[in-house]
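[1] my questions are about this predicted structure, shown below with the sequence.
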Amino acid sequence: MTHLTNLTLKIWRQSGPDDGGHFESYKVDEISDEASFLEMLDVLNERLINEGQEAVVFDHDCREGICGTCSLMIDGVAHGPQRGTATCQLHMRKFTSNVEIVVEPWRATGFPIIKDLMTDRAALDRIVEAGGYITAPTGGAPDANLIPVAKPVADAAMDAAECIGCGACVAACPNGAANLFTGAKITHLNLLPQGQAERFSRAEAMVEKMEEYFGSCTNHGECEAACPKSISIDVIALMNADYLKSKIKNRKSLSRT
Ligand code: FES
């Protein structure tokens with residue numbers, strides 16, 4: 001284990017949604033290279049509290065890449081310099097001594113800043129609320145293989161289901177689009193037999209809810225690069241295909257009523 005010394009953290013401080021915000025610089029020293037990025041912020045916060053200053057507000061929960069709560073732009077990159085990694089899994093060994101690290105919140109119109117590095121990502125919940133469910137009966141776990149699912153389909157659905165809803169895709173996108181997130185949430189249900197009953201109403205409702213909050217996708221692909229779960233932009237193509245079909249299928253079902 002070695003220690004990093006003389007780190008300068010340039011951190012975005014913003015007292016609330018209506019404050020303009022500004023950067024403040026803090027020196028941190030003797031940080032173990034085995035510490036996670038969030039643990040390094042904990043060290044800074046402990047010091048700030050001991051000095052009677054306000055701690056830096058940032059989101060975190062599981063600290064093991066599951067919940068999608070951690071959300072920092074580190075040197076302009078969503079979740080920092082290591083691909084396929086959430087901020088909480090990023091270790092200080094990715095940095096060197098005597099450097100400046102710029103830490104900002106997600107920057108997107110759909111994610112208003114609450115305080116410092118914490119943003120309001122409820123818009124993602126609204127998209128899921130619009131259609132991210134199945135009406136298949138729940139209850140006891142069914143026997144394995146009761147509903148046969150082809151291996152490639154199961155794999156593709158599980159890959160999409162890896163989305164942890166952190167919003168890095170939105171933060172990385174020059175348009176602030178949430179197509180990777182919405183595509184992943186739609187795809188993991190729409191590919192499976194259990195998700196067929198609402199397939200097209202789901203695609204229509206979730207895409208249209210997404211458009212209320214977020215920008216439009218123009219295929220930059222930044223979202224795929226920023227995703228801590230390396231979700232492929234293929235899910236966007238699948239979502240677009242289902243959305244287009246929904247416009248025909250849902251219209252037909254309307255004309256029958
Ligand atoms: S804190 Fe849960 S994914 Fe990072």
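    Yes, it's here. Residues are numbered from 1 along each chain as shown.

[2] can you tell me what sits against the longest helix seen in the chain?
    Counting by DSSP state H, the longest helix found in the chain is helix 234-256. Outside helix 234-256, the residues that touch it by Cβ atoms under 8 Å, 6 or more residues apart in numbering are 160, 179-180, 182-184, 186-187, 190-191, 199-201, 203-204, 207, 217. In short, each C-beta sits where N, CA and C put it, glycine included.

[3] any idea how this structure splits into domains?
    Domain assignment for the chain, taken from automatic domain parsing, gives 3-115, 122-256.

[4] going by mean pLDDT, which of those comes out lowest?
    Of all these, the minimum mean pLDDT falls on domain 122-256 (a mean of 92).

[5] who in this protein is up against the ligand?
    With the criterion set to Cβ under 6 Å from any ligand atom, the chain comes near the ligand through 60-63, 65-70, 86-88, 164.

[6] which of the residues in the longest helix of the chain are buried?
    If you call a residue buried by 16 or more other Cβ atoms under 10 Å, then helix 234-256 has these buried ones: 235-236, 238-240, 242-243, 246, 249.

[7] ok, now stretch 210-218?
    Here stretch 210-218 shows 210, 213-215, 217 as buried, counting by 16+ other Cβ under 10 Å.

[8] can you tell me which two in the residues you listed are farthest apart?
    Using Cβ to Cβ, the buried residues of stretch 210-218 reach their maximum pairwise distance at 213 and 217, which is 13.6 Å.

[9] sorry, back to before: ChimeraX command to pick out the buried ones of the contacts of helix 234-256?
    In ChimeraX, a selection of the buried entries from these looks like this (16+ other Cβ under 10 Å):
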select :160,179,180,182,183,184,186,187,190,191,199,200,203,204,207,217
